[in-house]
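**Student:** Structure for this input, please:
(one chain, ligands or ions: 2)
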Amino acid sequence: MAESTDNKPVILEVDNLKKYFPIQKGFFKRVVGQVRAVDGVSFFINEGETLGLVGESGCGKTTTARCILRAVDPSDGQILFLKDSGETVDIATLPEEEMRYLRSEMQMIFQDPYASLNPRMNIFDIVGEPLFVIQQMTDREERTARVRDLLQLVGLRPEYMQRFPHAFSGGQRQRIVIARALALNPRLIVADEPVSALDVSVQAQVLNLMLDLQRKLNLTYLFVAHDLSVVKHICDRVAVMYVGKIVEISPTDDLYYEPLHPYTAALMAAVPVADPRVRSVMTPLEGDVPSPADPPSGCYFHPRCQYAVDICSQEPPELTEVRSQHFVSCHRAHELNLQGIGGARPESDHALTAGDGPL
Ligand SMILES: Nc1ncnc2c1ncn2[C@@H]1O[C@H](COP(=O)(O)OP(=O)(O)O)[C@@H](O)[C@H]1O
Ligand SMILES: [Mg+2]
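**Tutor:** Ligands and ions are numbered 1, 2, ... in the order given. Sure thing, here's the model as predicted:
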């Protein structure tokens with residue numbers, strides 16, 4: 001496993017993960033190409049930490065998340081997970097039988113709480129199902145007590161146990177989804193855009209709940225979002241994905257105040273700022289994410305990049321550590337002075353600003 005950045009052990013280490021979907025044609029289903037949805041992704045998460053995974057739709061975030069939970073089989077790479085027992089396993093190649101046991105240690109929360117709850121099951125059955133099926137908690141009283149505790153934990157009234165999903169609002173449904181995910185005491189939660197389908201006013205409540213639960217239960221989160229404003233408050237570090245690759249990864253504050261990749265800066269330009277005096281100099285993103293079946297030459301971002309020069313269309317940049325814990329893959333990272341989210345960084349946590357000298 002990789003070196004941890006603080007004293008916490010690394011709970012998940014993804015190493016050169018790839019997921020290619022074959023493109024088939026004709027009666028004989030001949031493979032005529034590959035959709036390289038995830039193409040060599042590496043990162044680690046410390047226990048108790050939240051890593052954000054951001055990028056526009058189609059960048060490969062969900063596929064990365066699905067590989068980690070083995071909802072799809074990776075094409076290549078390692079996914080090392082530190083089990084509660086202290087043993088490390090490679091999820092990428094773990095036999096299905098062993099994977100089933102591991103599923104209680106890691107759970108996924110999806111974007112759409114409407115789609116992920118069975119409308120014909122009441123809340124007791126929805127939240128109690130994993131207890132019954134996986135933990136074999138056959139005693140109904142015992143299950144009722146546990147479901148009651150779980151509902152209280154997520155801020156729902158236990159009296160609502162007999163109700164069905166349609167009786168709840170979007171935010172409440174996502175709380176039910178979270179209660180079910182917590183039923184088996186998981187250590188890692190992979191949350192795929194958990195608040196994207198909710199009203200902005202409700203988003204903050206669900207995010208606060210997730211932060212609260214993390215502290216209480218020492219949970220580790222991989223938090224997927226397309227919206228940078230959402231991850232700012234919840235993540236310790238953020239990884240930015242573009243066409244199947246991580247283009248920048250760093251501690252959250254460094255990324256927000258001093259982004260080093262033009263794609264990150266362009267995503268930031270789209271985030272509304274509280275201070276109207278801070279105006280972005282970045283051109284908003286135009287065009288679409290290129291198809292991972294037929295990506296551009298060189299740096300995949302070059303056709304949309306306002307800073308692109310000759311080398312950008314010729315050579316793929318490598319992800320390199322240009323400052324402590326701050327990795328970027330851009331040929332011009334050392335010379336661009338990109339604007340972050342809120343103008344100047346507050347003096348208190350001022351570490352390095354662009355222009356302080358050589359990187
Ligand atoms: N089952 C699949 N078969 C073929 N292509 C897929 C499949 N799932 C995802 N893709 C493609 O992989 C790319 C990444 O998709 P996805 O992981 O859903 O991205 P994101 O979650 O960032 O929006 C997209 O181009 C998508 O069309
Ligand atoms: Mg997705």
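**Student:** Is Lys232 in contact with Pro251, as I believe?
**Tutor:** No. Counting by CB atoms under 8 Å, Lys232 does not reach Pro251; the two are 11.9 Å apart. No exception for glycine: its C-beta is placed from N, CA and C like everyone else's.
**Student:** Pull up the residues of this protein that are close to ligand 1.
**Tutor:** In this structure, the chain approaches ligand 1 at residues Phe21, Val35, Ala37, Gly55, Ser57, Gly58, Cys59, Gly60, Lys61, Thr62, Thr63, Pro292, judged by CB under 6 Å from any ligand atom.
**Student:** From these, keep the buried residues only.
**Tutor:** Among the residues of the chain next to ligand 1, those classed as buried by 16 or more other CB atoms under 10 Å are Phe21, Val35, Ala37, Gly55, Gly58, Cys59, Gly60, Lys61, Thr62, Thr63, Pro292.
**Student:** one step back: can you tell me which of the residues of the chain next to ligand 1 are in helices?
**Tutor:** Of the residues of the chain next to ligand 1, the ones assigned to helices by DSSP state H are Lys61, Thr62, Thr63.
**Student:** By proximity to ligand 1, which residue of the stretch 151-300 of the chain wins?
**Tutor:** Closest to ligand 1 within the stretch 151-300 of the chain is Pro292: 4.9 Å, counting by CB to the nearest ligand atom.
**Student:** Touching, that residue and Ile23? I think so.
**Tutor:** No. At 10.7 Å, Pro292 does not count as touching Ile23 under the criterion of CB under 8 Å.
**Student:** overlap in contacts of these two?
**Tutor:** Common neighbours of Pro292 and Ile23 (criterion: CB atoms under 8 Å, 6 or more residues apart in numbering): Val35.
**Student:** still on that earlier bit, list the residues that contact the residue of the stretch 151-300 of the chain closest to ligand 1.
**Tutor:** Residues counted as contacts of Pro292 (CB under 8 Å, 6+ apart) are Val35, Arg36, Ala37, Asp39, Gly58, Gly60, Val243, Gly244.
**Student:** hang on, the second one packs against Pro22?
**Tutor:** The reference is to Arg36. No. Taking contacts as CB under 8 Å, Arg36 lies outside contact range of Pro22: 10.8 Å.
**Student:** Between the two, which has more neighbouring residues?
**Tutor:** More crowded of Arg36 and Pro22, by other CB atoms under 10 Å: Arg36, with 21 against 12.
**Student:** Report the secondary structure state of Val224.
**Tutor:** Secondary structure, DSSP: H, G, I helix; E, B strand; the rest coil: Val224 is strand.
**Student:** quick one: the strands in the stretch 151-300 of the chain?
**Tutor:** Under the criterion DSSP state E, counting those that start in this stretch, the stretch 151-300 of the chain contains strands at 188-192, 220-225, 237-242, 245-251.
**Student:** Now that we have the buried ones among the residues of the chain next to ligand 1, can you turn them into JSON lines and tack on distance to Phe327 and pLDDT?
**Tutor:** Below are these laid out as JSON lines (distance: CB to CB, whole Å; pLDDT from 0 to 100):
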{"residue": "Phe21", "distance to Phe327": "27", "pLDDT": "97"}
{"residue": "Val35", "distance to Phe327": "25", "pLDDT": "96"}
{"residue": "Ala37", "distance to Phe327": "21", "pLDDT": "97"}
{"residue": "Gly55", "distance to Phe327": "15", "pLDDT": "95"}
{"residue": "Gly58", "distance to Phe327": "22", "pLDDT": "94"}
{"residue": "Cys59", "distance to Phe327": "17", "pLDDT": "96"}
{"residue": "Gly60", "distance to Phe327": "17", "pLDDT": "97"}
{"residue": "Lys61", "distance to Phe327": "18", "pLDDT": "97"}
{"residue": "Thr62", "distance to Phe327": "22", "pLDDT": "96"}
{"residue": "Thr63", "distance to Phe327": "21", "pLDDT": "97"}
{"residue": "Pro292", "distance to Phe327": "21", "pLDDT": "95"}
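**Student:** Put together TSV for those residues, with distance to His261 on each row.
**Tutor:** As requested, those are exported to TSV (distance: CB to CB, whole Å):
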residue	distance to His261
Phe21	26
Val35	23
Ala37	20
Gly55	11
Gly58	18
Cys59	13
Gly60	16
Lys61	16
Thr62	21
Thr63	21
Pro292	18
